[in-house]
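Novice: Turn this into a structure:
(chains A and B)
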Amino acid sequence: MSDRINVRSLLEQKGQLADDVVAIKANGTIIDLHSFVDPTTTFELVRKTDKDGLQVIRHSTAHVMADAVQRLFPGTKVTIGPAIEDGFYYDFDKPGGGFTEEDLAKIEKTIREIVKSNTPFRREVVTRDQALALFEKMGETFKVEIIKSIPEGEEISLYKHGTHEKSQNYDKDWVDVCEGPHVPRTSNLGAVKLTSVAGAYWRGDERNPMLQRIYGTAFATQEALDEHLKLIEEAKARDHRKLGKELELFIFDPVAPAMPFFLPRGAFLYNALVQYMREMYAIDGYDEVITPQAFDPKLFRTSGHLGNYNENMYRLWTEDLLEELTAKDKDGNEKSTAEFIKRLQDNSFAIKPMNCPSHCVIFGSRRRSYRELPWRMADFGRLHRYERGGVVHGLSRVRTFCQDDAHIFCTREQVAGEIEKFMKLFYRVYKAFGFEKIDVKLATRPEKRVGSDEFWDMAESALQKGLESAGLTFEILPGEGAFYGPKIEFHVQDALKRSWQLGTMQYDPNLPERFELDYVGEDGKEHRPVMLHRAIFGSLERFISVYIEHCGGNFPAWIAPMQAKLLTVSDKSEAYGRDVLARLKARSFRVEGNFSGDKLGAKIRDARTARHPYMIVIGEKDAEAGTVSVRSRDKGELGAMPFDQFSAMLAEESKLPL
RNA sequence: GCCGCGAUAGCUCAGCGGUAGAGCAGUGCUUUCGUAAAGCACAGGUCGUCGGUUCAAGCCCGACUCGCGGCUCCA
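Specialist: Sure thing, here's the model as predicted:
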């Protein structure tokens, strides 16, 4: 083996050193110009405009930002600052509260100064003790903790920048313990924008102190940065909360925090999803049930939710119950508050946060035969979960919602077939709605769990095989399964690339156990069924939120709350317009007329912003010829056509995408 | 729940100690018009709630409620 060589020298020898080369990629690893490699290594160049190069730029910018922050806010401690999708962040422990918007502007200015100083990044490999001594001396307690958690035997490197090589005195360099890679010089950076400040827990644990996180982004050029910022602005225009208001789909009111009021058009969307799913259920053999909203707490004691899920449940009380619970005992003593609370918790009804326990009640309501299995029990019941204040978000995370919920009771042998059937249905539905980017995850056994290792091996491999036979690539989330079983999660991103879990499939042997559910098998003996929890939309509310953002409020005709707007050119064509409108309504199309005195241009503009699939312009020429002039939202001007032609076209587009 | 920020007319926002503003939407009148905004007029607000500072509070301070960006947690 030959002697290792500095990457910069290697590139120089090969004549491949260029201003925009920030690193090389060898065996899938990004290695910066400061590192040493085997000179015979095969590699490709990483330029600052490449995806990998951007990561390097962003990581280096995070360092420069931390440097700027420590210059401006002495006493602030650094923690970590990685590159992330679309940018970077750095977490600080800042005495005396967080950063303000003005602080961000100052920090950005200082970053630019550091960039302009055009100083080199330098990499130094040190021993664990040297690193510890250095950061302890600096008082960087979080860094000391990080160094201590680096596995024994792993190389520890420092990255420094800030001093020009001419000065020869690197004492004032800003230093961070870091794996790298980093750009050669600060002048490789520059197109930087600090986007927001936020709180974040040290090491992601809410028991730890909260740090101040600054988010930013960086690009190879100012043009690329501007383009990115423009895209974000455009994405914000698709925010479902904004469109929900503009298109009059739903509202929120402080009288019911985080619980949506669906307006007529939003209610139409909601009902259309239910109707669509019912069609799917008819094809795939699901039976829909309707179950109560509030339950004796015994039910949730049996299911195990009481105790584990208390903080998320809404409870009910009645005057009768309060009287009963506050009644003096037979010796005339009043109950203590603690006792009253205990009795209230034990006795007050609970609003259901999920449907599964009710379905177990139905399954157990009489003797079941193996001939009834698999039994796919669907429920569009309304659920309530008390979510902590900071987590609610438009329709995506609410306190009352409806899942397209179903539980499949089946034998162990039937599990594989049911998973396969579900996967097919799932992808059929998402295709119908035009979703292509779906992140599939398999959440496996958590530390706190019930059931034997054999069970978990079996259940995890059943789900995994289901995903594999469906030909899906998926990510494994170790330890993130439910306490009772593993789950498959389907995630979709909103307009701002926040990921939301929609569909799920979960393997649950626990509830049948707790509810002592049995069926009589072919052998005449009792057997315990397996229960699969599954949802395709996840929750209608959340699905609607991502779907609104996915289509930007441009709903296809089959699900558009208003399919067409009829616009008259002037009063002269009102009679014919009303006739056409009545004929369309008679065919059950969702249409509305605009017979106001506005000019056609204004009517068109209104209808455009309302995003209806069609506009039907009615003027005197149409009245004479008996035509309608059609303008499609998606295809533009279609010109005059006979009524029947338009009607047939809209009828075709109104069909459910089966 | 935690960190930070915010709340003024139905909507979008300006005003930041000294008599509540604009555009759009709404209503009325005029206009009768062929593919992205006709004109005029009128009407709309205890400036989120409660308390404090001040001669004087949308404006300053505090608490609460609701919301926004994150974190943690979740469909």
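
Novice: Could you measure from A:D20 over to A:I31?
Specialist: Taking C-beta to C-beta, to the nearest Å as the measure, A:D20 falls 17 Å from A:I31. (Glycine included, C-beta is placed from N, CA and C.)

Novice: Which one's more surrounded, the two?
Specialist: Set side by side, A:D20 and A:I31 show more neighbours around A:I31, with 19 against 13, by other C-beta atoms under 10 Å.

Novice: Might you report the residue contacts of the residue lying closest to that one once chain neighbours are set aside?
Specialist: Excluding its sequence neighbours, the residue lying closest to A:I31 (C-beta to C-beta, 6 or more residues apart in numbering) is A:I24, at 5.4 Å. A:I24 makes contact with A:7, A:11, A:30-31, A:33, A:37, A:43-46, according to C-beta atoms under 8 Å, 6 or more residues apart in numbering.

Novice: Need the pLDDT of A:I24.
Specialist: Per-residue pLDDT puts A:I24 at 88.

Novice: Could you do the one 3 residues further on as well?
Specialist: On the pLDDT scale, A:N27 is placed at 86.

Novice: give me phi/psi at the residue lying closest to it once chain neighbours are set aside?
Specialist: Distances taken as C-beta to C-beta, 6+ apart put A:T41 closest to A:N27, at 8.0 Å, once the chain neighbours are dropped. Note on A:T41: its backbone torsions stand at phi -60, psi 140 [degrees, to the nearest 10].

Novice: what's downstream of whichever strand or helix holds A:L321, the next helix or strand?
Specialist: Using DSSP states H and E, A:L321 sits within helix A:319-326. Once the chain leaves helix A:319-326, the next helix or strand it forms, by DSSP H and E, is helix A:337-347.

Novice: buried residues in that following helix?
Specialist: For helix A:337-347, the buried set under the neighbour-count rule, 16 or more other C-beta atoms under 10 Å, is empty.

Novice: Quick check: mean pLDDT of the next helix or strand after that helix?
Specialist: Remark: after helix A:337-347, the chain's next helix or strand is strand A:350-351, criterion DSSP H and E. Strand A:350-351 carries an average pLDDT of 96.

Novice: what about A:E323, how many residues close to it?
Specialist: Residues within reach of A:E323, counting by other C-beta under 10 Å, total 9.

Novice: what's the distance between the residue in the stretch 301-450 of chain A that RNA strand B sits nearest to and A:G538?
Specialist: Nearest residue of the stretch 301-450 of chain A to RNA strand B: A:G390, at 2.2 Å (C-beta to the nearest atom of the strand). When distance is defined by C-beta to C-beta, A:G390 is 21 Å away from A:G538.

Novice: Of those two, give the one with the bigger neighbour count.
Specialist: Taking neighbours as other C-beta under 10 Å, A:G390 and A:G538 compare with A:G538 leading, 22 against 7.

Novice: The strand or helix carrying that one pairs with which strands, parallel or anti?
Specialist: Assigned by DSSP H and E, A:G538 belongs to strand A:530-539. Sheet pairing of strand A:530-539 (DSSP bridges) gives strand A:400-410 (antiparallel), strand A:499-508 (antiparallel).

Novice: can you list the weak-confidence ranges in chain A?
Specialist: Per-residue confidence for chain A (pLDDT under 70) gives these ranges: A:1-2.

Novice: so the nearest residue to A:R368 once chain neighbours are set aside bridges to which residues?
Specialist: Leaving aside its chain neighbours, A:R368 sits nearest to A:Y519 (4.1 Å; criterion: C-beta to C-beta, 6+ apart). According to DSSP bridges, the partner residues bridging A:Y519 are A:R368, A:H527.

Novice: who are the neighbours in contact with A:Y519?
Specialist: Going by C-beta under 8 Å, 6+ apart, A:Y519 touches A:368-370, A:372-373, A:409, A:411, A:526-527, A:529.

Novice: quick one: it from A:E372, how far?
Specialist: Taking C-beta to C-beta, one finds A:Y519 at 7 Å from A:E372.

Novice: How about A:M423?
Specialist: Taking C-beta to C-beta, one finds A:M423 at 23 Å from A:E372.

Novice: near RNA strand B, which residues of the stretch 301-450 of chain A show up?
Specialist: A:385, A:387-394, A:397-399, A:401, A:403 (C-beta under 7 Å from any atom of the strand).

Novice: For the residue nearest to A:I31, what is the enclosing helix or strand?
Specialist: With DSSP H and E as the test, A:I24 turns up in strand A:21-26.

Novice: What strands line up against that strand, and which way round?
Specialist: Strand A:21-26 pairs in its sheet with strand A:29-32 (antiparallel), strand A:44-47 (antiparallel), by DSSP bridges.

Novice: Quick check: buried residues in the last one?
Specialist: Buried positions in strand A:44-47, judged by neighbour count with 16+ other C-beta under 10 Å: A:45-47.

Novice: Domain boundaries for chain A, per the record?
Specialist: Following automatic domain parsing, chain A resolves into domains at A:8-47, A:52-230, A:261-292+A:368-551, A:564-653.

Novice: how about the ones you listed in JSON lines, adding distance to A:K245?
Specialist: Shown next, in JSON lines, are the domains of chain A (distance: least, C-beta to C-beta, whole Å):
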{"stretch": "domain A:8-47", "distance to A:K245": "44"}
{"stretch": "domain A:52-230", "distance to A:K245": "23"}
{"stretch": "domain A:261-292+A:368-551", "distance to A:K245": "10"}
{"stretch": "domain A:564-653", "distance to A:K245": "12"}
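
Novice: that older thread, of all the strands paired with strand A:21-26, which one is nearest RNA strand B?
Specialist: Using C-beta to the nearest atom of the strand, the strands paired with strand A:21-26 put strand A:29-32 closest to RNA strand B, at 23.5 Å.
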